[in-house]
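S.K.: sequence? don't have it. structure:
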């Protein structure tokens, strides 16, 4: 059956989010979570659709890609098709050929579920492994400790605090109030919460957004940050515990996130909150020289 590639229309985004929810399952290699699209939605529905690529076979979605950047594609593949030869070869052809409108020319990267056949074929074509990232996960089947500080759920009236903490946590962040409202209007945010942790004087010192994929499915933190003026006081660990409790109340089976392996501080923070490191994951990149030689 022929496989068709397309850029998503805004009217298809609900279907894409539904598919990603269905593909979010414990025990499977990590791939795109509905929260990844949800966080991107801060740029609006039109931009989210323009960054989303859909592969269909006989009208059914079999793979989804999201362009974090024009040179960085993150992918999900239907769990039962991750070793499908026809699909893998089509994806490799599409991500390797700029004319398809997936990735630009030159140095690019593709992130697919670990163990997917796409990875084998890209390596065979000369692509390289990118820098390692560490997924960290905690089961929510048991009790989660109290974070030990006040944590508020963010509503429209608190959006300015949520965005301010984000900008104070990540250099170069462009998260504005308008972008929070755009994100909150997105389809994935129906199963999400923004949280703010406050110190004893009521200052907002850490913030996070948690995304559910539905009852009994893994929940996701994206992003979590501690205000640069309030670091080193355990607020990050408390924030992660609050995220775990919030997702547990939403019915999530587990909570996970992913951080660069080189970010020792972030890894330690998540471990302190009971998240356990999983095997490293790596995207694959085609460097400029490879592209010129191809």
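M.R.: Alright, I've got the coordinates. Please read these numbers as outputs of a predicted model, since none were measured by experiment.

S.K.: doesn't residue 57 make contact with residue 2?
M.R.: Yes. Counting by C-beta atoms under 8 Å, residue 57 is a contact partner of residue 2 at 7.5 Å. Where C-beta positions appear, they are placed from N, C-alpha and C, glycine not excepted.

S.K.: neighbour count winner among the two?
M.R.: Taking other C-beta atoms under 10 Å, residue 2 and residue 57 do not tie; residue 57 has more neighbours (18 against 8).

S.K.: against residue 17, how distant is the more buried one?
M.R.: Distance, residue 57 to residue 17, using C-beta to C-beta, to the nearest Å: 19 Å.

S.K.: before we move on, what about residue 28?
M.R.: 18 Å.

S.K.: do the same with residue 188
M.R.: 5 Å.

S.K.: buried residues of the longest strand seen in the chain, list them for me.
M.R.: For the chain, the strand with the greatest residue count under DSSP state E is strand 128-139. Residues 133, 134, 135, 136, 137, 138, 139 are the ones in strand 128-139 that count as buried (16 or more other C-beta atoms under 10 Å).

S.K.: tell me which residues are up against it.
M.R.: 30, 109, 111, 123, 218, 244, 253-262, 267, 270-271, 273-287, 290 (C-beta atoms under 8 Å, 6 or more residues apart in numbering).

S.K.: now it, how far from the centre of its chain.
M.R.: 12 Å (C-alpha atoms, centre = their mean, to the nearest Å).

S.K.: what strands line up against it, and which way round?
M.R.: The strands beside strand 128-139 in its sheet (DSSP bridges) come out as strand 254-260 (antiparallel), strand 276-277 (antiparallel), strand 281-286 (antiparallel).

S.K.: and of those, who's closest to residue 211?
M.R.: With C-beta to C-beta, the closest approach to residue 211 among these belongs to strand 254-260: 10.1 Å.

S.K.: excluding its own residues, what touches the closest one? List them.
M.R.: Residues contacting strand 254-260 (C-beta under 8 Å, 6+ apart): 26, 30, 131-140, 210, 218-222, 224, 243-244, 247-248, 266-267, 270, 275, 278, 281.

S.K.: ok, and for it, which residues are buried?
M.R.: Applying 16+ other C-beta under 10 Å to strand 254-260 flags 254, 255, 256, 257, 258, 259 as buried.

S.K.: repeat that for stretch 269-280.
M.R.: 269, 270, 271, 273, 274, 275.

S.K.: I'd like the strands paired with strand 128-139 laid out as TSV, including mean pLDDT.
M.R.: Listed next are these as TSV, based on pLDDT from 0 to 100:
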stretch	mean pLDDT
strand 254-260	98
strand 276-277	98
strand 281-286	96
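
S.K.: turn those into a markdown table, columns for distance to residue 115.
M.R.: Converted to a markdown table, the strands paired with strand 128-139 look like this (distance: least, C-beta to C-beta, whole Å):
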| stretch | distance to residue 115 |
| --- | --- |
| strand 254-260 | 16 |
| strand 276-277 | 18 |
| strand 281-286 | 10 |
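
S.K.: report the contact partners of the closest residue in space to residue 273 that isn't next to it in sequence.
M.R.: Excluding the flanking residues, the one nearest residue 273 by C-beta to C-beta, 6 or more residues apart in numbering is residue 240, at 3.7 Å. Contacts for residue 240 (C-beta under 8 Å, 6+ apart) come out as 208, 221, 224, 269, 270, 272, 273, 275.
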